[in-house]
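Asker: Starting from these lines, generate the structure:
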Amino acid sequence: MTVQVQMVRFALVGVVNTGTYYGLYLALLTWLPYVAAHVVAFALSMVGSFFLTSYFTYRTRPTWRKFLLFPLTNAANFIVTTSGVYLLVDVAHFGSRYAPLIAAAAAIPVTFVVSRTIMLRPEPVPALEKAERVPQV
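Answerer: Predicted coordinates for the structure are as follows:
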């Protein structure tokens, strides 16, 4: 699969993930402050994003290792979107309903590069398998 196809699939997953995040954000916004609603919605949508990214974007098998590393792919996204939401709402006085959508757009390129690196990284070979591969003399 080419990088271009992966980028298109990544964008489609991003649209689904953003819709999921935004729906959760709006629902949580009714009883949480906007930053708390953002953090909870972000965490919940990240789990779904992991499986869509694994199966649909990169056609790779999800593993616990990738699942545990996947939040690192979103660390930059989280920093960019959280900072963006704060700056847009508290500094630029945008409405809290639309600020996350604008902030999310700024994080897309960074998230693609980092997620591709983690999701397509070869799994380490356990020591026992390495020992079995060494020819016996």
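Asker: So which residue is dead centre in this protein?
Answerer: Asn74 (4.4 Å; C-alpha atoms, centre = their mean).
Asker: and the host helix or strand of that residue, which residues are buried?
Answerer: For Asn74, the enclosing helix or strand under DSSP states H and E is helix 64-86. Using 16 or more other C-beta atoms under 10 Å as the test for burial, helix 64-86 gives 66, 69-70, 73-74, 77-78, 80-82, 84-86. To be clear about C-beta, it is placed using only N, CA and C from the backbone, and glycine gets the same treatment.
Asker: what about the helices in the protein?
Answerer: 3-29, 34-52, 64-86, 99-119, 127-133 (DSSP state H).
Asker: Mind checking these for the one nearest to Tyr58?
Answerer: Smallest distance to Tyr58 across these (C-beta to C-beta): 4.6 Å, for helix 99-119.
Asker: Against which helices or strands is that closest one packed?
Answerer: Helices and strands touching helix 99-119, as assessed by 3 or more C-beta pairs under 8 Å, 6 or more residues apart in numbering; DSSP states H and E, comprise helix 3-29, helix 64-86.
Asker: Least reliable of those by average pLDDT, please.
Answerer: Here the helices and strands packed on helix 99-119 differ in mean pLDDT, and the lowest is helix 64-86 at a mean of 89.
Asker: and it, C-alpha only, in PDB?
Answerer: The C-alpha atoms that make up helix 64-86 are tabulated as PDB, following Å, rounded to 0.1, in the frame of the first residue of the first chain:
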ATOM      1  CA  TRP A  64      -0.500  -4.600  23.000                       C
ATOM      2  CA  ARG A  65       2.900  -3.000  22.300                       C
ATOM      3  CA  LYS A  66       1.400  -0.800  19.600                       C
ATOM      4  CA  PHE A  67      -1.600  -0.100  21.800                       C
ATOM      5  CA  LEU A  68       0.600   1.100  24.600                       C
ATOM      6  CA  LEU A  69       2.800   3.100  22.200                       C
ATOM      7  CA  PHE A  70      -0.200   4.600  20.300                       C
ATOM      8  CA  PRO A  71      -0.800   7.300  22.900                       C
ATOM      9  CA  LEU A  72       2.600   8.600  22.000                       C
ATOM     10  CA  THR A  73       1.300   9.200  18.500                       C
ATOM     11  CA  ASN A  74      -1.300  11.400  20.000                       C
ATOM     12  CA  ALA A  75       0.900  13.200  22.500                       C
ATOM     13  CA  ALA A  76       1.800  15.900  20.000                       C
ATOM     14  CA  ASN A  77      -1.800  15.900  18.800                       C
ATOM     15  CA  PHE A  78      -3.000  16.300  22.400                       C
ATOM     16  CA  ILE A  79      -0.500  19.100  23.100                       C
ATOM     17  CA  VAL A  80      -1.400  21.000  19.900                       C
ATOM     18  CA  THR A  81      -5.200  20.600  20.300                       C
ATOM     19  CA  THR A  82      -5.200  21.300  24.000                       C
ATOM     20  CA  SER A  83      -3.000  24.400  23.600                       C
ATOM     21  CA  GLY A  84      -5.100  25.400  20.600                       C
ATOM     22  CA  VAL A  85      -8.400  25.000  22.400                       C
ATOM     23  CA  TYR A  86      -7.100  27.100  25.300                       C
END
